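>>> sequence plus predicted model, see below.
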Amino acid sequence: MSNPQTMQIQEISAHSGPVPGQGTQRAAKVCKYIDVTTCIGCKACEVACVEWNDHPFRETSFDNTYQTMASTEWNYWNLIKFVEHERDGNFMWLMRKDQCMHCEDPGCLRACPADGAIIKYQNGIVDFQQENCIGCGYCISGCPFDIPKFNPQTKKVFKCTLCSDRVGQGLEPACIKACPTGCLHFGTKQEMVQIARARVSQLQTESGFANAGVYDPPSIGGTHVIYVLHDVTQPELYGGLPANPVIPPSYTVWKWLAKPMGLIMAGLGVLAVFFHRVTVGPKLPQPEPVITEHPDEAESDRRETP
Amino acid sequence: MSSSVERIDREAREEFGRRGRTVVHRGELLRHPVYTRVLHWSVAISFVLSLLSGFAIYSPWLYRWLTPLFGGGAMTRFLHPWFGLAFTIAFFFQFLNWFAPMRWTSADSRWMRRLRAYVTNQEKSEPKETGFFNAGQKLYFWLIALSAILFLITGVLLWFDDVVLRWLVAVSYVVHDLAALIMLAGFIIHIYEGTAAAPGTFRSMTDGTVTRDWARTHHPAWYEEVAKNEPREDRDNRPTST
Ligand code: SF4
Ligand code: SF4
């Protein structure tokens, strides 16, 4: 099997010209598998993320739930979303580990206008390069999962890296390492999908979750973080996971079709006026007509012109 | 326009007239007084800066060519909205200054119908009824006014995109670009008409004057008006009716 650690760059935001090194290595796609049904909400992954990335301990916010804060932050990339749910008259927790989904077709990367601010590795990890980020925030509106977060001090955007620094060294992401229940796994996409499918059939046949399924939305080409949900038909229940995540058309159609067209039109416009000058020529000021049908007017003109 | 707005414009015009100078030589006419010229070039400079910095972010192909002009990507992103704001303010005053002569008339509608003849230079002179601005210039002016409003609204939304609703940012992004493309089309034509297409036009925005022949050729109705009223030469800074 080829090497899942391959951190060869596959896609670069706003990059003109080919991507250096693309396709030079065999690369397996990596994937993080999250079994929402066995998460106990211990937040070990949250702590591991803060620890590994050396994030400062920040204020939490209490909202009458166990959730650490309302949403992920620029220096808090991993958050368990706690949802209190009623199923067949019984109370149940839906606890979903929220972080970047590492989309196969990343809306953040599509939206970004800065060359090299967002890159996607061949193994599927989407990573922000803050030194190239211009702080425009377009990635924020391009992401279907509300993940990139703006740091107002440095005017840069941050998000989960899928521990690209660890993965490149052959280690699994920090959150995976910390999980005590084994609801998190890391490996190739193929392997993870297999484990997820097996778990789904177990849930369906043995635990009575007929709607259990794998969340790996095809609308963005699949993701490199996949969930097993008790009810895959209602992903919104799990703290707003979109059923059909899409990149806004302003970043797909507009950016890759209309924008180049606009540039071409502008270029043609410049050529058009240039050739207008060469062919049709300028409008020169015309000399004063000497002979006129109204001699009176001509007379008055002459008096005015010394 | 309310009278207080008119007063601001008139006072600014007089003030600039006192400080600046326009020398009208023999055989020439005053076309644009000092204030109008200062406004025009303020608008022009801020527009070009906005255009270049905006186009740097507009397209991946232009990104690496244009961002170095402004000190890198982050600096370009930082400066662009300020250039835009400068443009909006400058154009606001130019709008007040030119609002009246830019009013659309039935003569302008007639002018638009013979656009083809104008573009192909079939007639050597403009129609007799063409006044201080022709319909093409007026159209450009109103297009800028429209785009400026779109720029301002969407620009502010994009500027503070970290607090604005996501979909609003995504929509603003498209509208902002569309306004830029409309304006760019007009801008290309404007530069061409102001220089190579009509010799003698450019100096109306630098020296402020044009030759009588130029005025009669391009703006006959205006020529009739000023030549009748004011045949004196060597005039300084006459505040015109424009
Ligand atoms: S979840 Fe959002 S930030 Fe993460 S790769 Fe997808 S679009 Fe980008
Ligand atoms: S803010 Fe987001 S979209 Fe803008 S340059 Fe940075 S990474 Fe790219």
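Received, thanks. Numbering: from 1, shown residues only, chains lettered A, B, ... in the order given. Ligands and ions are numbered 1, 2, ... in the order given.
>>> how far does the helix or strand containing residue B:167 sit from its chain's centre?
Residue B:167 is part of helix B:166-194, with elements assigned from DSSP states H and E. Helix B:166-194 sits 15 Å away from the centroid of its parent chain (Cα atoms, centre = their mean, to the nearest Å).
>>> same thing with stretch A:120-140?
With Cα atoms, centre = their mean, you get 8 Å for stretch A:120-140.
>>> stretch A:115-122 too?
Worked out by Cα atoms, centre = their mean, stretch A:115-122 lies 11 Å from the chain centre.
>>> count of neighbours near residue A:52?
A total of 19 residues lie near residue A:52 under the criterion other Cβ atoms under 10 Å in any protein chain shown. Where C-beta positions appear, they are placed from N, C-alpha and C, glycine not excepted.
>>> report pLDDT for the residue lying closest to it once chain neighbours are set aside.
Closest residue in space to residue A:52, ignoring its immediate chain neighbours: residue A:174 at 3.6 Å, by Cβ to Cβ, 6 or more residues apart in numbering or on different chains. In this prediction, residue A:174 carries a pLDDT score of 97.
>>> surely residue A:270 and residue B:188 touch.
Yes. Contact criterion Cβ atoms under 8 Å: residue A:270 and residue B:188 qualify, at 5.8 Å.
>>> between those two, which one's more packed in?
residue B:188 (19 against 13).
>>> model confidence score at that one, please.
Note for residue B:188: predicted pLDDT of 96.
>>> same check, this time on residue B:238
50.
>>> same deal with residue A:9?
88.
>>> burial count for it?
16.
>>> show me where chain B has its strands.
Under the criterion DSSP state E, chain B contains strands at B:28-30, B:209-211.
>>> which residues are in contact with the residue minimising distance to the centre of chain A?
Among the residues of chain A, the one closest to the centroid is residue A:108, at 2.7 Å (Cα atoms, centre = their mean). Residues near residue A:108 by Cβ atoms under 8 Å, 6 or more residues apart in numbering or on different chains: A:13, A:118, A:126, A:128, A:139-140, A:142-143, A:147-148, A:159.
>>> let's see that with 10 Å instead.
A:13, A:100, A:117-118, A:120, A:126, A:128, A:138-145, A:147-148, A:157, A:159, A:247, A:251 (Cβ atoms under 10 Å, 6 or more residues apart in numbering or on different chains).
>>> how much space separates it from ligand 2?
6 Å (Cβ to the nearest ligand atom, to the nearest Å).
>>> ok, and the closest non-adjacent residue to that residue?
Closest to residue A:108 by Cβ to Cβ, 6+ apart is residue A:139, at 3.7 Å.
>>> and that neighbour, which helix or strand is it part of?
Using DSSP H and E, residue A:139 sits within helix A:138-142.
>>> relative to the whole chain's centre, how far out is that helix?
For helix A:138-142, the distance to the chain centre is 7 Å (Cα atoms, centre = their mean).
>>> got it, and stretch A:100-111?
3 Å.
>>> with stretch A:207-226 instead?
18 Å.
>>> tell me the average confidence for it?
96.
>>> likewise stretch A:147-160?
Mean predicted confidence for stretch A:147-160 is 95.
>>> how about that stretch: buried residues?
Using 16 or more other Cβ atoms under 10 Å in any protein chain shown as the test for burial, stretch A:147-160 gives A:147-151, A:155-160.
>>> what's the end-to-end length of that stretch?
8 Å (Cα to Cα, to the nearest Å).
>>> surely residue A:33 is within a helix?
No. Counting by DSSP: H, G, I helix; E, B strand; the rest coil, residue A:33 falls outside a helix, being strand.
>>> tell me the contacts of it?
Here residue A:33 is in contact with A:176, A:183-187, A:189, A:191-196, A:199, A:214, A:216, A:225-228 (Cβ under 10 Å, 6+ apart).
>>> equivalent analysis for residue B:106, please.
Residue B:106 neighbours (Cβ under 10 Å, 6+ apart): residue B:129.
>>> pLDDT score assigned to it?
93.
>>> low-confidence regions, chain B specifically.
Chain B contains residues with pLDDT under 70 at B:1-2, B:229-242.
>>> equivalent analysis for chain A, please.
Ranges of chain A meeting pLDDT under 70: A:1-5, A:290-306.
>>> that older thread, of the strands of chain B, which approaches chain A most closely?
strand B:209-211 (6.0 Å; Cβ to the nearest Cβ).
>>> the closest one near chain A anywhere?
Yes. Using Cβ under 10 Å from any Cβ of the partner chain, strand B:209-211 reaches chain A at B:210-211.
>>> picking up where we left off before, touching chain A at all, the helix holding residue B:167?
Yes. Using Cβ under 10 Å from any Cβ, helix B:166-194 reaches chain A at B:166-175, B:177-178, B:180-181, B:184-189, B:191-193.
>>> so which residues of the stretch 151-300 of chain A form strands?
A:156-158, A:184-188, A:213-215, A:225-229 (DSSP state E, counting those that start in this stretch).
>>> quick check: neighbours of the last one in the sheet, parallel or antiparallel?
In its sheet, strand A:225-229 lies beside strand A:30-35 (parallel), strand A:213-215 (antiparallel), with partners assigned from DSSP bridges.
>>> need the winner for burial among those strands.
Mean neighbour count (mean count of other Cβ atoms under 10 Å in any protein chain shown) peaks for strand A:30-35 among these, with a mean of 26.
>>> any idea which helix or strand comes after that strand?
Counting by DSSP H and E, what follows strand A:30-35 is helix A:44-52.
>>> and for residue 228, the neighbour number?
You didn't pick a chain, so chain A it is. For residue A:228, using other Cβ under 10 Å, the count is 26.
>>> I was thinking of chain B, sorry if that wasn't clear
Neighbours of residue B:228 using other Cβ under 10 Å come to 11.
>>> how close does it sit to ligand 1?
The value you get for residue B:228 to ligand 1, if Cβ to the nearest ligand atom is used, is 68 Å.
>>> which residues in the chain form helices?
Let's take chain A. A:44-52, A:107-111, A:138-142, A:164-167, A:174-178, A:189-206, A:249-253, A:259-279, A:295-304 (DSSP state H).
>>> please refer instead to chain B.
Under DSSP H, chain B gives helices at B:3-19, B:34-58, B:60-66, B:73-98, B:106-113, B:115-119, B:135-159, B:166-194, B:203-206, B:212-218, B:220-229.
>>> of these, which stretch is the most buried?
Taking mean count of other Cβ under 10 Å, helix B:212-218 is the most buried of the helices of chain B, at a mean of 22.
>>> residue B:62 and residue B:55 touch, don't they?
Yes. The pair residue B:62 and residue B:55 qualifies as a contact (Cβ atoms under 10 Å) at a distance of 5.0 Å.
>>> joint contacts of these two?
Contacts common to residue B:62 and residue B:55, judged by Cβ under 10 Å, 6+ apart, are residue A:263.
>>> leaving out sequence neighbours, find the closest residue to the residue in chain B that ligand 1 sits nearest to.
When scored by Cβ to the nearest ligand atom, chain B has residue B:166 as its residue closest to ligand 1, at 11.7 Å. Distances taken as Cβ to Cβ, 6+ apart put residue A:141 closest to residue B:166, at 4.3 Å, once the chain neighbours are dropped.
>>> that neighbour against residue B:168, yeah?
Yes. With contact defined as Cβ under 10 Å, residue A:141 reaches residue B:168; the gap is 8.4 Å.
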